[in-house]
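Enquirer: Have a look; sequence and predicted model below, questions after that.
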Amino acid sequence: MPAVSKGDGMRGLAVFISDIRNCKSKEAEIKRINKELANIRSKFKGDKALDGYSKKKYVCKLLFIFLLGHDIDFGHMEAVNLLSSNRYTEKQIGYLFISVLVNSNSELIRLINNAIKNDLASRNPTFMGLALHCIANVGSREMAEAFAGEIPKILVAGDTMDSVKQSAALCLLRLYRTSPDLVPMGDWTSRVVHLLNDQHLGVVTAATSLITTLAQKNPEEFKTSVSLAVSRLSRIVTSASTDLQDYTYYFVPAPWLSVKLLRLLQCYPPPEDPAVRGRLTECLETILNKAQEPPKSKKVQHSNAKNAVLFEAISLIIHHDSEPNLLVRACNQLGQFLQHRETNLRYLALESMCTLASSEFSHEAVKTHIETVINALKTERDVSVRQRAVDLLYAMCDRSNAQQIVAEMLNYLETADYSIREEIVLKVAILAEKYAVDYTWYVDTILNLIRIAGDYVSEEVWYRVIQIVINRDDVQGYAAKTVFEALQAPACHENLVKVGGYILGEFGNLIAGDPRSSPLIQFNLLHSKFHLCSVPTRALLLSTYIKFVNLFPEIKTTIQDVLRSDSQLKNADVELQQRAVEYLRLSTIASTDILATVLEEMPPFPERESSILAKLKKKKGPGTVTDLEEIKKERSSDMNGSAEPASVNASAVSTPSPSADLLGLGAAPLANSAPPPSSSGSLLVDVFSDSPSAVAPLAPGSDDNFARFVCKNNGVLFENQLLQIGLKSEFRQNLGRMFIFYGNKTSTQFLNFTPTTKPVDPTVDGGAQVQQVVNIECVSDFMEAPILNIQFSPKQEVQNIFKAKHPMDAEITKAKIIGFGSALLEEVDPNPANFVGAGIIHTKTTQIGCLLRLEPNLQAQVSNQAALIRNIVFENLHEQFLQSVEHLEERAQPLEFSGSVNYRTTNGAAIDS
């Protein structure tokens, strides 16, 4: 920066600031400011032209007044005029005023842009720097439109000075963050990568920030940066503190650049080149080794810089998840921080170990610190550290330590902060269900959970208890006895009353033989809680009472008296009144056989996934510790292991749909739900989640592509006119990692794009690609390939040309179209030989209109079928049509990707005319 001359001190500004500071009151300050504003306004409007110094002084006063909190409505043009000055101080004040006071909608923006263009074209590094700083500070869309194409040229030009390159890189980064669609990708992208080799570390630091942001959106464009980043990181890590004196911070060489390079490498998988991979491993080992060395300074800045590089290196090790030795070493290093006196280090160590616990290589190493983590849970003063300790216990839990961890979390729950109690309840419920060896332990745990933190037990938790008890014959008697004993406490939480009412209503007969739990005692116990409960719980208890009428005829009269009472029949709540009336009438007029049929025991729930995990994920948000459940390998079968063990574990999360009809009196069985699991052990069901998916064969035409992956790990798995799916995989022993690339080959967006493995961006732009990483563990040998289901809704028309298998008889064709489920539209198409149909596809959440046109070409003996689809994929429509020749009774279904990946039909939807 040029030296400021003696005459640039602006004595008048100093006097004005002194006057403001000496004001005794707010009124005196406002009076002095108004006086100065009047003076400045008169000077700007005066006939005498002001020189550059005076303009600068007055503009600077206006800027100071604005920073004090007062509105400024003049002086903008004078600030713009300062931009054309050739004096640095005047131009600097002009740019400063514009950066602070001028908004993107100002009428002066065009004049400002012209002045900036002149400074960028001047090749004066000082003026270019001021212009770039102004663009970055304003960062408006208008600025991006004007300069997004010019700044990359300045950045990669060979004659641009280092200070200007730094400013250009950061300015371009600012514009890309505010208006990414206006920053064009071009030849400059390959050249900007080579700035990582620049001699000036300031340029390298700025370029690394820019490349990291760009690589997150366009990884293929910047994949060459990996080797250059590893090379630069290696030179920094292996250098001594004296080698990079200008960029050494408290004996740590270039810590900010090291952190940025490590973050850049986290945008990509481990390098494929063995030499680059080996060099990166050496860098990471060196960083871990330096962490063990005695500190070179006792200053906190030294430890902060050193630890910043260390934690970022550990994040990279976790991201790659491919070097067992590094993962274990990282875990051991973090373990040392768990008892560090610095709270922030303990917090970061717990947070990083949560992620390490998901790795197969480091999970056992993380478990060795369980006692330290439990102690932190008990002794930490900071609630955020205690919450991270809970997250780590949840992440490190498996079948070997589940009971210990659940017990400790229950103990902590009694004194836990109210802000995290609900989250702890969900985690305890998930762990108890997933790793329970004994169902009685699970029931005891959940009832204890309700006792300790009943207000924080969501409906999903006690729903699951009901499902487990109903689906397990061997635990029903124990559950009935346990809830009966729990209800005898003087004060019971309402959730416990709900569980007790439901279970006793279904299985109270199993403990009725004991005189201490006779039918009348059970009824009196439940009814003693009735007046203390809310309306929904009372409604459930009334359902329990009518169940008792069926189970215990000897107390029928007692129950009828309760139902007949004025408090029930004349209840102010319509729901309770209606239940009392209907149940009383049912118990009076129905025969024993009818009662037994209507009030029979609930059947096992259909096989579905737990909704508790989805609720926890929704509460915590994506990218948090709850996502570990998606990538964590199953080290042992689930507590309710399926009848046939799965060969390959891949993660999926269901979206629950809670239901209030607990007794299921109004629920009809699903047409194609899975058969009820036997009591000997099937996956626990969740009646409150969405309908289960079915297994479908491979997509037509994908068998050949699929077979190629027997001998190679990379390639295209599936491709049609809509979608291309590519795979890139790597395997080590029984563990593997698969990168799945979904490419939209159309010009329109894919909406609601949902693979069943892990969530991705639900919107895929036309011509764009999204990437997904799936961790795989081979549990046992298998014959059938894993199934990957993909659903999305393109907005477009699909057309297929196919050869008809039968003569195109008009009447037969009309009958086929009508049998397909659509209404035939007469005299709609100008060509009378064409057939036009219309229908509505009904799904659970929406209705989609569909148009169909069949164009026979009798001369070419082919037919052309075009279907205009709204929000749904109607691929392979002609195959469905041809199948309807032989199966006229079948109705059309909405299509979605299935198999390994292909199209399949989903039961439950139909086309109505």
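Expert: Happy to help now that I have it. Because the structure is a prediction, the values reported are computed rather than measured.
Enquirer: List phi and psi for residue 148.
Expert: Main-chain torsions, residue 148, degrees, to the nearest 10: phi -60, psi -30.
Enquirer: Residue 183 is in contact with that one, correct?
Expert: Yes: Residue 148 is within contact range of residue 183, at 4.9 Å (criterion: C-beta atoms under 8 Å). The way it works is simple: take the backbone N, C-alpha and C, and place the C-beta from them, glycine included.
Enquirer: joint contacts of these two?
Expert: Common contacts of residue 148 and residue 183 (C-beta atoms under 8 Å, 6 or more residues apart in numbering): 172, 175.
Enquirer: and the residue nearest to residue 396 when sequence neighbours are not counted, how far is that from residue 435?
Expert: Nearest non-adjacent residue to residue 396, counting by C-beta to C-beta, 6 or more residues apart in numbering: residue 357, 4.6 Å away. Using C-beta to C-beta, to the nearest Å, we find residue 357 at a distance of 14 Å from residue 435.
Enquirer: shouldn't residue 56 be in contact with residue 89?
Expert: Yes: counting by C-beta under 8 Å, residue 56 does reach residue 89; the two are 6.6 Å apart.
Enquirer: Comparing the two, which shows the higher neighbour count?
Expert: residue 56 (26 against 20; other C-beta atoms under 10 Å).
Enquirer: tell me which element the more buried one falls in.
Expert: Remark: residue 56 resides in helix 52-67, with elements defined by DSSP states H and E.
Enquirer: returning to that earlier point: and the pLDDT for the residue nearest to residue 396?
Expert: Note for residue 357: predicted pLDDT of 88.
Enquirer: mind starting the numbering at 761 from now?
Expert: Noted, 761 is the first residue going forward, which turns the last one into residue 1117.
Enquirer: Kindly list the main-chain dihedrals of it?
Expert: The phi/psi pair for residue 1117 (degrees, to the nearest 10) is phi -60, psi -20.
Enquirer: Now do the same for stretch 781-797: mean pLDDT, whole number.
Expert: Mean pLDDT, computed over stretch 781-797, is 92.
Enquirer: Got the domain ranges for the protein?
Expert: If you go by the TED database, the domain ranges for the chain are 785-1029, 1157-1359, 1462-1538+1545-1554, 1570-1647.
Enquirer: right, so of those, which gets closest to residue 771?
Expert: Of all these, domain 785-1029 sits nearest to residue 771, with 8.8 Å by C-beta to C-beta.
Enquirer: buried ones in the helix or strand hosting residue 966?
Expert: In this assignment (DSSP H and E), residue 966 forms part of helix 961-977. Using 16 or more other C-beta atoms under 10 Å as the test for burial, helix 961-977 gives 961-975.
Enquirer: Out of those, flag the one nearest to residue 1319.
Expert: residue 973 (68.9 Å).
Enquirer: quick one: contacts for the closest one?
Expert: 933, 936-937.
Enquirer: In PyMOL, how would I select the buried members of these?
Expert: Remark: buried members of the contacts of residue 973, expressed as a PyMOL selection using 16+ other C-beta under 10 Å:
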select buried, resi 933+936
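Enquirer: Looking at the contacts of residue 973, which is nearest residue 1360?
Expert: Nearest to residue 1360 among those: residue 937, at 62.4 Å, using C-beta to C-beta.
Enquirer: ok, the closest one - contacts?
Expert: Contacts of residue 937 by C-beta under 8 Å, 6+ apart are 899, 973.
Enquirer: returning to what we had before: got CSV for the contacts of residue 973, with pLDDT, secondary structure and distance to residue 1586 too?
Expert: Formatted as CSV, those follow (pLDDT from 0 to 100; DSSP: H, G, I helix; E, B strand; the rest coil; distance: C-beta to C-beta, whole Å):
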residue, pLDDT, secondary structure, distance to residue 1586
933, 93, helix, 62
936, 91, helix, 56
937, 91, helix, 57
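Enquirer: can you list the contacts of residue 973 in JSON lines and add distance to residue 1017?
Expert: Output for these, formatted as JSON lines (distance: C-beta to C-beta, whole Å):
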{"residue": "933", "distance to residue 1017": "15"}
{"residue": "936", "distance to residue 1017": "20"}
{"residue": "937", "distance to residue 1017": "20"}
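Enquirer: Can you show me the strands along the stretch 1011-1160 of the chain?
Expert: Here the stretch 1011-1160 of the chain has its strands, by DSSP state E, counting those that start in this stretch, at 1012-1013.
Enquirer: low pLDDT regions in it?
Expert: Judged against pLDDT under 70, the stretch 1011-1160 of the chain has no low-scoring part.
Enquirer: Show me where it has its helices.
Expert: Counting by DSSP state H, counting those that start in this stretch, the stretch 1011-1160 of the chain has helices at residues 1015-1025, 1034-1052, 1060-1080, 1084-1097, 1103-1116, 1123-1127, 1130-1139, 1143-1156.
Enquirer: residues in contact with the helix or strand where residue 791 lies?
Expert: Using DSSP H and E, residue 791 falls within helix 786-805. The contact list for helix 786-805 (C-beta under 8 Å, 6+ apart) reads 776, 779-780, 783, 810, 814, 818, 821-822, 825, 828, 830, 834-835, 838.
Enquirer: Any of these buried? List them.
Expert: 776, 780, 814, 818, 821-822, 825, 835, 838.
Enquirer: In those residues, find the pair that's most separated.
Expert: Most distant of the buried ones among the contacts of helix 786-805, by C-beta to C-beta, are 780 and 838, 21.2 Å apart.
Enquirer: What strand or helix carries residue 1511?
Expert: Counting by DSSP H and E, the element that carries residue 1511 is strand 1510-1515.
Enquirer: Could you check how far the helix holding residue 791 is from the centre of its chain?
Expert: Relative to the mean C-alpha coordinate of its chain, helix 786-805 is positioned 54 Å out (C-alpha atoms, centre = their mean, to the nearest Å).
Enquirer: what comes up buried for it?
Expert: Those would be 789, 793, 796-797, 800, 804, for helix 786-805 by 16+ other C-beta under 10 Å.
Enquirer: How about stretch 1338-1345?
Expert: Neighbour counts over stretch 1338-1345 (16+ other C-beta under 10 Å) mark 1339-1340, 1343-1344 as buried.
Enquirer: and if you look at stretch 1090-1103?
Expert: For stretch 1090-1103, by 16+ other C-beta under 10 Å, it's 1090-1095, 1097-1098.
Enquirer: again, but for stretch 1052-1072
Expert: Buried, per 16+ other C-beta under 10 Å, within stretch 1052-1072: 1062-1072.
Enquirer: Quick check: the farthest pair among those residues?
Expert: 1062 and 1072, at 16.5 Å, using C-beta to C-beta across these.
Enquirer: What about the residue nearest to residue 1156, how many residues nearby?
Expert: Here the count is done by other C-beta under 10 Å, and residue 1117 has 25 residues near it.
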